[in-house]
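**Student:** Sequence plus predicted model, see below.
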Amino acid sequence: MGKDILIVTGEESNNRLDTYLVKQYEKLSRSYIQKLIKGNHVKVNNEPQKPNYIIKSGDEIGINLPEIEELSIKPENIHIDVVYEDGDIVVVNKQQGIIVHPAQGNLSGTLVNGLLYRYGSELSDINGIMRPGIVHRIDKDTSGLLVIAKNNDSHKILAGQFKQHTVNRKYHAIVSGIIKETNATIDAPIGRDPADRLKRRVIGGGRHAVTHFRVLDRFKDHTYIEATLETGRTHQIRVHFSYIGRPILGDPVYGYKNPKFRLKGQVLHAKTLGFVHPGTGEYVEFTSSLPGYFNKLLKVLRSNCPREQ
């Protein structure tokens, strides 16, 4: 038996313990997971819990698993755009279309597969074999910056900053329609969509969610914005802009159907990432260039569409 230690992020909280573990270990059935929990092979903050225990952000979950599980995720020679690295962290610029870590139906081709090939065991193992080094995530079709932890001490410090919402995260996006305000804030709670458990929506009783934004440019039918996350809920920017009637251009879930541009996903890029370095204790900030598809779209909008000022 091997033991994994998982730390629940804010995005994962408010789920049942068994449901959470099924998502982490897609090869294990719910009934098997429940047997592990009931047999005290799973502990939350060093205490046994029932399968229906509702997990909270920061919960530390220890689970004993067969060693064979360690064979499930394989290293792959996948290109990784490394912006910065030292003995404690790696900052990468994820391209659009890449999933951050393996999950059900996606055991290969992820950022984690590439990280394992490049760094091997030189990654934190707090979040288990499925997510070595992964402190936070961005969606498959969102591009941009992520910080990876090389050791458990760094992981805990970084996770604490995300939990306390002290990480500086700025995203650039193009939304459908014109936003007249120059600067504004969307303060609306986000929870699971009762009609579709895979989606999120603004809903009463949802988790506190705040997005600040400013307009960078306006076009005939679109607006180029910079959004700053005060909180970090699942799909937060996508949900919030859909909520105000200005969905992210190309968003297949929360946007308009059949956009006139041939896009592979939402036009959303995690451009700036700032945090206190877990090793030095000093604030560091990284900025990435907009990806090619984003710049190409901006050029088209600026050259072909009269802009509204």
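**Tutor:** Noted; the coordinates are in hand.
**Student:** quick one: Leu116 and Ile78 touch, right?
**Tutor:** No. Leu116 sits out of contact with Ile78 when judged by CB atoms under 8 Å, with a separation of 9.6 Å. No exception for glycine: its C-beta is placed from N, CA and C like everyone else's.
**Student:** neighbour count winner among these two?
**Tutor:** Leu116 (21 against 17; other CB atoms under 10 Å).
**Student:** Return the residues in contact with the more buried one.
**Tutor:** If a contact means CB atoms under 8 Å, 6 or more residues apart in numbering, then Leu116 has Ile73, Lys74, Pro75, Glu76, Leu123, Pro132 as its contacts.
**Student:** show me where the stretch 1-150 of the chain has strands.
**Tutor:** Across the stretch 1-150 of the chain, reading from the start of the chain, the strands by DSSP state E, counting those that start in this stretch fall at 2-7, 42-44, 47-48, 60-65, 82-85, 89-94, 143-149.
**Student:** Break this structure down into its structural domains.
**Tutor:** Here the domain assignment for the chain is 2-70, 74-161, 168-304, based on automatic domain parsing.
**Student:** Can you lay out those domains as a markdown table showing mean pLDDT?
**Tutor:** As requested, the domains of the chain are exported to a markdown table (pLDDT from 0 to 100):
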| stretch | mean pLDDT |
| --- | --- |
| domain 2-70 | 84 |
| domain 74-161 | 93 |
| domain 168-304 | 95 |
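**Student:** hey, where'd the helices end up in this structure?
**Tutor:** If you assign secondary structure with DSSP state H, the helices in the chain sit at 17-24, 30-38, 111-119, 152-163, 236-243, 292-304.
**Student:** nearest to Leu145, of those?
**Tutor:** Closest approach to Leu145 among the helices of the chain is made by helix 111-119 (12.1 Å; CB to CB).
**Student:** Run the angle between that closest one and strand 89-94 for me.
**Tutor:** In terms of direction (axes from the mean of the first three to the mean of the last three CA atoms, to 10 degrees), helix 111-119 departs from strand 89-94 by 130 degrees.
**Student:** picking up where we left off before, of all the contacts of Leu116, which comes closest to Phe219?
**Tutor:** Minimum separation from Phe219 among these (CB to CB) is found for Glu76, which lies at 39.4 Å.
**Student:** which ones are touching that closest one?
**Tutor:** Ser108, Gly109, Asn113, Gly114, Leu116, Tyr117.
**Student:** about what we covered before: ok, and which of the strands of the stretch 1-150 of the chain has the densest surroundings?
**Tutor:** Burial of the strands of the stretch 1-150 of the chain is given as mean neighbour count (mean count of other CB atoms under 10 Å); strand 143-149 ranks first at a mean of 25.
**Student:** helices or strands next to that one in the packing?
**Tutor:** Here strand 143-149 touches strand 89-94, helix 152-163, strand 268-276, going by 3 or more CB pairs under 8 Å, 6 or more residues apart in numbering; DSSP states H and E.
**Student:** Residues touching the first one, excluding its own?
**Tutor:** Meaning strand 89-94. 80-85, 100, 111, 115, 119, 133, 138, 142-150, 154, 158, 270, 273, 277-279, 286, 288.
**Student:** Quick check: which of the domains of the chain is buried the most?
**Tutor:** Counting by mean count of other CB under 10 Å, domain 74-161 has the highest mean neighbour count of the domains of the chain, with a mean of 19.
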